[in-house]
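In: Below is the sequence, then the predicted model.
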Amino acid sequence: MAKRAITINVNGTEHPVRVDTRDRLIDVLRDELNLKSVKEGCSTGDCGICAVLVDGKLVNSCLMLAAQCDGRRVTTLEGLLEDPNMKRIQSSFIANNAAQCGFCTPAMLVASWDLARHSTEPSNEEIKVAISGILCRCTGYYQIIDSIREGCEGRQR
Amino acid sequence: MLSRQKVLMSSFELYSPTDLNDALRFMEQEERKAAVIASGTDLLPRMRRRQISPSVLLDISSFTEDLRYVKQTEGTIRLGALTTVADLLESPMFHGKLSIIREAATLFGAPQVRNVATVGGNICSAASSEDLIPVFMALGASLRLVSARGERTVALKDFIVGKRQTAMKPSEILVEISFTPPDGHSWTAYEKLGRRNMLILAMVNEALSLTLEDDLQTVHSARVALNRVSGKIPALAVKTSEFLEGKKVTDQNIAKAEKILASELSLTSDFRGSGEYRTEVAKVYLRRLVERCALQIRGTS
């Protein structure tokens, strides 16, 4: 069994972990670091439910080997909870009933937060592109799109 | 702890080279057919499905300083193999005549995939649904392959030799994609059909690079490229391209070119769509691409 020692900065804390070369980033986040906001859906990069930020870029954590994340900076929803932009987006999701079963919600929130960093007044089209890689099987998306648009208003850089 | 997800992949050694020379030495020595992994967005799902089970992976993802760039030198555009699809969208270079690259990158996967998926990886995957292969074929792109023994340049059209098969030797690594931007009265365009706009593998995709003579009517040169020409291989539609050259852009000539295109395709049926449907779409796309390019050339000349 091929093993390797790596260090990943997750939500601002350095975590030395020993991984199997087969471990994907999602395996380390969920199983080693107990960050359960990261969900596993399709495991093939289609559903986007496992989305996190790596070095500030939105990625699917099921499509990335943990060993390739050695020395990199990973941010999950747990690391953004105290951020004022995230608080605003979260409140907007609640106000608009944008979470039904809730399974896609963490990924939607992280993607929305990422969008809000670049855009104060995103158009519906921009929002649709930003969440195009994340599937929601409950809401029909409109509540989510409304939440993101309202949540991005007045965001802080 | 081995979760359900992990046991699906067979065990492998992961080699993380210190630099490109180290990587090439490793590939030369090992002769054990290490698979090269960049972002892994294509490789990992295939490994989990056990479509491939390499015993060794060579991780080149850390070579971004050397292999992630978009630049123009002496009239040639050069893309490092680790340039991401998001990098293509952010580059100021792919507007106007080269907007084909922007068009294809916009329709490529999801934002999370575009952020990491590499140009080199897309080409080396050599699948029949890759977005960038027909685009770079229409642009007449070449690939720079290096090994510990030296380097060679191969035309992309000669590089893809079959479904998931390339002309690359086990000791080689793709480092650069280059092409000369079309000159004169020219334009490029791309069409892709999937069942949704986003996040979809192409049922049909087709790229065209078109140059007109000074009369802005006659085709000087044309390069039509599609996925799944002659079965499942992305390739140039050579007969169609040759037919168009020297012809005026008229309804009748486009209709003739459509027939020739249909005859040189052998589009197969699968769960994404039937061969007959794909052929009809490919014909419609040819017309759209020729008309779009001609219109743009006349508008900008």
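Out: Cool, got the structure.
In: ok, and the closest non-adjacent residue to the residue in chain A positioned nearest to chain B?
Out: Per C-beta to the nearest C-beta, A:Gly133 is where chain A lies closest to chain B, at 2.3 Å. Every residue, glycine included, has its C-beta placed from N, CA and C. The spatially closest residue to A:Gly133, leaving aside those adjacent along the chain, is B:Ala110, at 2.3 Å (C-beta to C-beta, 6 or more residues apart in numbering or on different chains).
In: tally of neighbours for the residue of chain A closest to chain B?
Out: 25 (other C-beta atoms under 10 Å in any protein chain shown).
In: One more: A:Leu33?
Out: Quick note: A:Leu33 (other C-beta under 10 Å) scores 18 neighbours.
In: Show me which residues of the top helix by length along chain A are buried.
Out: Across chain A, the helix with the greatest residue count (assigned by DSSP state H) is helix A:105-118. For helix A:105-118, the buried set under the neighbour-count rule, 16 or more other C-beta atoms under 10 Å in any protein chain shown, comprises A:105-116.
In: try stretch B:286-294
Out: For stretch B:286-294, by 16+ other C-beta under 10 Å, it's B:286, B:289-290, B:292-294.
In: likewise stretch B:42-53?
Out: Within stretch B:42-53, the residues scored as buried using 16+ other C-beta under 10 Å are B:42-48.
In: Stretch B:16-32 now?
Out: By neighbour count, with 16+ other C-beta under 10 Å as the criterion, the buried positions of stretch B:16-32 are B:16-17, B:23-24, B:26-27.
In: CA atoms only for it - export them in CSV, please.
Out: Only the C-alpha atoms of stretch B:16-32 are listed here, as CSV (Å, rounded to 0.1, in the frame of the first residue of the first chain):
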residue,chain,number,x,y,z
SER,B,16,6.4,13.5,-7.6
PRO,B,17,9.5,14.6,-9.6
THR,B,18,11.5,17.7,-8.5
ASP,B,19,11.7,19.1,-12.0
LEU,B,20,11.1,18.2,-15.7
ASN,B,21,14.5,16.6,-16.1
ASP,B,22,13.8,14.4,-13.1
ALA,B,23,10.5,13.4,-14.6
LEU,B,24,12.0,12.5,-17.9
ARG,B,25,14.8,10.5,-16.2
PHE,B,26,12.1,8.6,-14.3
MET,B,27,10.1,7.9,-17.5
GLU,B,28,13.2,6.7,-19.3
GLN,B,29,14.4,4.4,-16.5
GLU,B,30,11.2,2.9,-15.4
GLU,B,31,10.0,1.6,-18.7
ARG,B,32,7.0,0.5,-16.7
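In: burial count for the residue of chain B found nearest chain A?
Out: When you check chain B against chain A by C-beta to the nearest C-beta, the closest residue turns out to be B:Ala110, at 2.3 Å. For B:Ala110, the neighbour count with other C-beta under 10 Å is 26.
In: how much space between it and B:Cys124?
Out: Counting by C-beta to C-beta, to the nearest Å, the gap between B:Ala110 and B:Cys124 amounts to 21 Å.
In: show me the contacts for the residue of chain A closest to chain B.
Out: A:48, A:51, A:60, A:111, B:109-113, B:198-199 (C-beta atoms under 8 Å, 6 or more residues apart in numbering or on different chains).
In: what does B:Lys169 give?
Out: Contacts for B:Lys169 were tallied using C-beta under 8 Å, 6+ apart; they are B:145, B:147.
In: That one and B:Thr240, how far apart?
Out: Computed as C-beta to C-beta, the B:Lys169 to B:Thr240 distance reads 32 Å.
In: Then B:Thr218?
Out: Between B:Thr218 and B:Thr240 the computed distance is 17 Å (C-beta to C-beta).
In: Quick check on these two: which one has the bigger neighbour count.
Out: B:Thr240 (26 against 14).
In: where exactly do the strands run in chain B?
Out: Listed in chain order, the strands found in chain B under DSSP state E are B:13-15, B:35-37, B:56-59, B:70-73, B:76-80, B:142-147, B:150-155, B:160-162, B:165-166, B:173-179, B:185-193, B:204-212, B:219-229, B:233-236.
In: let me redo that: chain A
Out: Taking DSSP E as the criterion, chain A carries its strands at A:3-10, A:13-20, A:51-54, A:57-60, A:73-75.
In: what about B:Gly75, how many residues close to it?
Out: Neighbourhood size, B:Gly75 [other C-beta under 10 Å]: 8.
In: List the residues that contact it.
Out: B:180-181.
In: swap in B:Val146?
Out: So B:Val146 contacts B:20, B:24, B:172-173, B:175 (C-beta under 8 Å, 6+ apart).
In: Which members of these are the farthest-apart pair?
Out: The widest separation within the contacts of B:Val146, taken as C-beta to C-beta, falls between B:Leu20 and B:Glu172 and amounts to 12.0 Å.
In: Filter the buried residues of stretch B:16-32 down to the ones in helices?
Out: When helices are assigned by DSSP H, the members of these inside them are B:23-24, B:26-27.
In: Do I have it right that B:Pro134 meets B:Leu226?
Out: Yes: using C-beta atoms under 8 Å as the test, B:Pro134 is close enough to B:Leu226 to be in contact (5.7 Å).
In: quick one on the thing from earlier: dump the contacts of B:Val146 to TSV, plus pLDDT and distance to B:Ile254.
Out: Listed next are the contacts of B:Val146 as TSV, based on pLDDT from 0 to 100; distance: C-beta to C-beta, whole Å:
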residue	pLDDT	distance to B:Ile254
B:Leu20	94	46
B:Leu24	94	47
B:Glu172	94	40
B:Ile173	96	41
B:Val175	98	39
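In: Kindly reformat these as a markdown table containing distance to B:Leu265.
Out: As requested, these are arranged in a markdown table below (distance: C-beta to C-beta, whole Å):
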| residue | distance to B:Leu265 |
| --- | --- |
| B:Leu20 | 39 |
| B:Leu24 | 38 |
| B:Glu172 | 30 |
| B:Ile173 | 32 |
| B:Val175 | 32 |
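In: Of those residues, which is the nearest to A:Ile26?
Out: B:Ile173 (27.8 Å).
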